[in-house]
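Asker: sequence unknown, structure follows:
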Ligand SMILES: C[S@@+](CC[C@H](N)C(=O)[O-])C[C@H]1O[C@@H](n2cnc3c(N)ncnc32)[C@H](O)[C@@H]1O
């Protein structure tokens with residue numbers, strides 16, 4: 001990750017959502033992006049130029065545009081037509097983002113397009129976040145990283161955020177992932193946790 005005077009940036013040209021520029025770099029706002037919040041809070045996973053990424057829940061491309069500034073390629077899956085329009089605009093200027101309009105819960109639809117990746121990043125804010133995560137595991141190389149941005153209130157509003165996170169961790173481990181890190185994203189995103197996992201080697 002690149003830091004300039006304590007500010008997280010990505011080395012991209014041209015703003016995407018009105019973000020501030022510092023020289024040739026785009027300021028990566030932790031209030032706008034859970035990945036930036038994770039990094040600001042000391043998250044250990046580093047984006048590097050050799051990574052192939054499958055990004056689930058790309059929305060209008062805010063975070064995936066920053067991720068793409070760092071990595072080799074990002075396959076960006078989104079199923080809602082309106083954010084997809086904005087994402088396509090982002091892709092016009094970032095040729096290493098491959099937009100895929102599909103339901104991440106039905107990955108068979110894109111298995112002919114997406115290659116084996118080093119990182120899966122999921123931010124779908126759905127009740128069945130774990131099922132979606134496990135359905136996409138066949139794309140992840142052995143030893144690769146899965147980052148699940150968990151919105152606990154989307155899973156069960158009656159349970160405490162910690163209860164939901166504990167259950168999610170258990171379910172991911174039962175599904176074959178090794179959970180390495182759970183980082184709560186306060187104060188940037190309330191009741192959200194970044195769950196960082198490794199696929200078995
Ligand atoms: C919280 S927003 C993502 C924000 C984005 N990751 C960012 O940081 O810029 C969640 C997005 O996931 C999308 N989404 C939810 N369920 C999905 C699914 N099953 N397949 C594809 N996209 C999905 C929603 O349409 C929405 O755009």
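Answerer: The structure has been received and is ready for your questions. Given the structure is predicted, the values throughout are model-derived calculations rather than measurements.

Asker: what's in contact with stretch 75-90?
Answerer: For stretch 75-90, the external contacting residues (C-beta atoms under 8 Å, 6 or more residues apart in numbering) are 16, 52-61, 64-65, 91, 97-104, 110, 113-114, 117. From N, CA and C alone the C-beta is placed, and that goes for glycine too.

Asker: tell me the buried residues in it?
Answerer: Residues 75-79, 83-84, 86-88, 90 are the ones in stretch 75-90 that count as buried (16 or more other C-beta atoms under 10 Å).

Asker: list the ones among those residues that fall in helices.
Answerer: Cross-referencing the buried residues of stretch 75-90 against helices under DSSP state H gives 83-84, 86-88, 90.

Asker: kindly reformat the residues you listed as CSV containing distance to residue 158.
Answerer: CSV is the format used below for those (distance: C-beta to C-beta, whole Å):
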residue, distance to residue 158
83, 29
84, 32
86, 34
87, 33
88, 38
90, 37
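
Asker: which among those residues are in contact with the ligand?
Answerer: Taking C-beta under 6 Å from any ligand atom, the overlap between those and the neighbourhood of the ligand is residue 83.

Asker: contact residues of the chain facing the ligand?
Answerer: The chain has residues 33-34, 57, 59, 62-63, 77-80, 83, 103-105, 123-126, 132 near the ligand, with proximity defined as C-beta under 6 Å from any ligand atom.

Asker: returning to that earlier point: adding pLDDT, write the ones in helices among the buried residues of stretch 75-90 out as CSV.
Answerer: Written out in CSV, the entries for these read as follows (pLDDT from 0 to 100):
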residue, pLDDT
83, 98
84, 98
86, 96
87, 97
88, 97
90, 95
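
Asker: now residue 131. Its backbone dihedrals?
Answerer: Here the main-chain torsion angles of residue 131 (degrees, to the nearest 10) amount to phi -60, psi -40.

Asker: over to the one 4 residues further on?
Answerer: According to degrees, to the nearest 10, the main-chain angles of residue 135 amount to phi -70, psi -20.

Asker: with residue 97 instead?
Answerer: Note on residue 97: backbone dihedrals following degrees, to the nearest 10 are phi -100, psi 120.

Asker: what about it, distance to residue 80?
Answerer: 17 Å (C-beta to C-beta, to the nearest Å).

Asker: centroid-nearest residue for the chain?
Answerer: Using C-alpha atoms, centre = their mean, the residue of the chain that lies closest to the mean C-alpha position is residue 121, 3.3 Å off.

Asker: in what helix or strand does it lie?
Answerer: Here residue 121 is covered by strand 117-122, with elements defined by DSSP states H and E.

Asker: buried subset of the contacts of stretch 75-90, written for ChimeraX?
Answerer: Buried members of the contacts of stretch 75-90, defined by 16+ other C-beta under 10 Å, are picked up in ChimeraX with:
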select :16,52,53,54,55,56,57,58,59,60,61,64,65,91,97,98,99,100,101,102,104,110,114,117
